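Asker: Generate coordinates for the sequence data below:
(2 chains)
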Amino acid sequence: MGIIRRALDLAMVAWRAFNRPAGHLSLGFLTIGGFVAGVLWWGGFNTALEMTNKEAFCIGCHEMRDNPYADLKQTIHYSNRSGVRATCPDCHVPHKWTDKIARKMQASKEVWGKIFGTINTPEKFEAKRKELASHEWARLKANNSLECRNCHSADSMDITRQGVRGAEAHQRFLFTGQATCIDCHKGIAHRLPDMTGVPIWTMPQQAAAPH
Amino acid sequence: MKNLRTALILSLLAALPVLGVPVAQKAFATDPTPAVTARDVTASGRPAFTGAEGLTVQEAPPIPKDATDDRRRQRNYPEQPPVIPHQIVGYQLDLRANKCLTCHAREFTGDSQAPMISVTHFQDRDGQVLGAVSARRYFCLQCHVPQTDVQPRVPNSFRDVDSVIREKDAAAKGGE
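Answerer: Coordinates of the predicted model:
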């Protein structure tokens, strides 16, 4: 009982100090000081945010380094003829600020997973692979493969330089808006999970439906 | 005086390795440098292999590109597994996923217009017909392979049965 009252008293004192007009500091100091403090805080916040948006940060944990990153290194998004490559946040973090913050808030679940070792062995990761992959498929399906399109633009696609089958499929499904990248291009940057039960994953769903 | 002479001899002895270098170089330069036909692969850092020439190191030829023109190739004999005329780089083919079957499985051929895996693939080894691809036929690349436009390393004089029959007929006609 005594503790609660003392805490309440302390809170009242703090609130009064906070609420009282400044007695000694000038308005100019408070304005400019507040502005400078704001710039420092905002800059610091964004710098810290960018730090968590680097591949080195992602593979700082062995879970990411040994599983998805090891997968990525085998694929064309890591190793190819021109040496242009995608890093983790290029595909897994939205580039627009509000979307990025939303994704970062979701990522607090990943911190939970890290603390409690949800995927801290290869076996646990394999057991969760399908679930984790499904989340990413759903996310890319919902935002019309936004992270793919940050680099791959349908407008800049020269289908005369593509293979016959690819050009045909892009004309039929992508350009008409019938399908989005992830509908056909699953497992292009990581190994696929067990695909039993996933009805079809290299063709748009509606095309595969019986006529 | 004696000390001076000792010092002189000692200094000469010390200078011997330096003075001897040109002489030694001339002596060892006598064996001719081997005629280098291949480029110095160890310096290039690229992989090398030893060829028919014995121990000479040859530069590995560039890896030929797969034929990816989407045109079906004629089979050399009826039982030959058809070869793959398209790009298969990055295709996942393991217990978890089989990318080939997402086009070549019966149910998807309507949309993909790919050839269906043949009926033999639906039989197990006892001839029992199954509803889906048999486990022993699951790993496509055991039999079906891409092709490259290169000369075979071992010459091959294979002729298909039709050309053999035709030649025999022609020979029989000529013999009459």
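Asker: ok, which residues in chain B are in contact with chain A?
Answerer: B:68, B:70, B:86-87, B:89-90, B:92, B:95-99, B:102-103, B:107-108, B:110-112 (C-beta under 8 Å from any C-beta of the partner chain). Quick note: C-beta positions are derived from backbone N, CA and C, even for glycine.
Asker: Among those residues, which ones are in strands?
Answerer: Among the residues of chain B next to chain A, none falls in strands (DSSP state E).
Asker: Now which of those residues would you call buried?
Answerer: Neighbour-count burial (16 or more other C-beta atoms under 10 Å in any protein chain shown) is assigned, among the residues of chain B next to chain A, to B:68, B:86-87, B:92, B:96-99, B:102-103, B:108, B:111-112.
Asker: biggest separation within those, which pair?
Answerer: By the measure C-beta to C-beta, B:68 and B:96 form the most distant pair in these, at 25.5 Å.
Asker: where does chain A have low pLDDT?
Answerer: A:1, A:204-211 (pLDDT under 70).
Asker: any idea how it splits into domains?
Answerer: Annotated domains of chain A cover A:53-151, A:153-187 [automatic domain parsing].
Asker: If we go by neighbour counts, what in the shortest one is buried?
Answerer: Within domain A:153-187, the residues that qualify as buried by neighbour count (16+ other C-beta under 10 Å) are A:157, A:159, A:165-166, A:169-170, A:173-174, A:179-184, A:186-187.
Asker: Now the terminal residues of it, how far apart.
Answerer: One end of domain A:153-187 sits 20 Å from the other (C-alpha to C-alpha, to the nearest Å).
Asker: so who does the residue lying closest to residue A:74 once chain neighbours are set aside touch?
Answerer: Spatial nearest neighbour of residue A:74, chain neighbours left out: residue A:191 (7.8 Å); criterion: C-beta to C-beta, 6 or more residues apart in numbering or on different chains. Residues near residue A:191 by C-beta atoms under 8 Å, 6 or more residues apart in numbering or on different chains: A:71, A:74, B:92, B:96.
Asker: Report whether residue A:191 is found in a strand, as I expect.
Answerer: No: looking at residue A:191 with DSSP: H, G, I helix; E, B strand; the rest coil, it is coil, so not inside a strand.
Asker: what does chain A have sitting close to chain B?
Answerer: A:75-76, A:163-165, A:187-188, A:191-195, A:200-203, A:207-208, A:211.
Asker: If any of those are buried, give me the ChimeraX selection for them.
Answerer: To isolate the buried subset of those in ChimeraX, counting by 16+ other C-beta under 10 Å, use the following:
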select /A:75,165,187,188,191,192,193,195,200,201,202,203,207,208
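Asker: sorry, back to before: and the two most separated of the buried residues of domain A:153-187?
Answerer: Using C-beta to C-beta, the pair of the buried residues of domain A:153-187 lying farthest apart is A:159 and A:187, separated by 22.7 Å.
Asker: Moving C-terminal from the longest helix anywhere in chain A, which element do we reach first?
Answerer: Using DSSP state H, we find that the single longest helix of chain A is helix A:27-51. Later in the chain than helix A:27-51, the nearest helix or strand by DSSP states H and E is helix A:55-58.
Asker: gap between the next helix or strand after that next one and the chain center?
Answerer: Going down the chain from helix A:55-58, the next helix or strand is helix A:62-66, by DSSP H and E. The chain centroid and the centroid of helix A:62-66 are separated by 16 Å under C-alpha atoms, centre = their mean, to the nearest Å.
Asker: Show me what helix A:62-66 is packed up against.
Answerer: Contact here means 3 or more C-beta pairs under 8 Å, 6 or more residues apart in numbering or on different chains; DSSP states H and E; on that basis helix A:62-66 packs against no helix or strand.
Asker: ok, and what's touching it?
Answerer: Residues from elsewhere that reach helix A:62-66, judged by C-beta under 8 Å, 6+ apart: A:58, A:59, A:88, A:114, A:119, A:120, A:122, A:125.
Asker: Let me see the contact set for the first one.
Answerer: Going back to what we said before, that points to residue A:58. Taking C-beta under 8 Å, 6+ apart, we find residue A:58 in contact with A:64, A:69, A:88, A:89.
Asker: try 7 Å this time
Answerer: A:64, A:88 (C-beta atoms under 7 Å, 6 or more residues apart in numbering or on different chains).
Asker: Could you do the fourth one as well?
Answerer: Applying C-beta under 7 Å, 6+ apart to residue A:114 gives the contacts residue A:61.
Asker: And it, which helix or strand is it part of?
Answerer: Short version, using DSSP H and E: residue A:114 is in helix A:108-115.
Asker: How about that helix, which residues are buried there?
Answerer: The neighbour-count check on helix A:108-115 (16+ other C-beta under 10 Å) flags residue A:113 as buried.
Asker: Toward the C-terminus, what is the element adjacent to it?
Answerer: Heading C-terminal from helix A:108-115 (DSSP H and E), you reach helix A:122-142.
Asker: what helices or strands is that following helix leaning on?
Answerer: helix A:181-184 (3 or more C-beta pairs under 7 Å, 6 or more residues apart in numbering or on different chains; DSSP states H and E).
Asker: ok, now with 10 Å
Answerer: Applying 3 or more C-beta pairs under 10 Å, 6 or more residues apart in numbering or on different chains; DSSP states H and E, one finds that helix A:122-142 contacts helix A:62-66, helix A:68-72, helix A:88-92, helix A:97-106, helix A:146-149, helix A:181-184.
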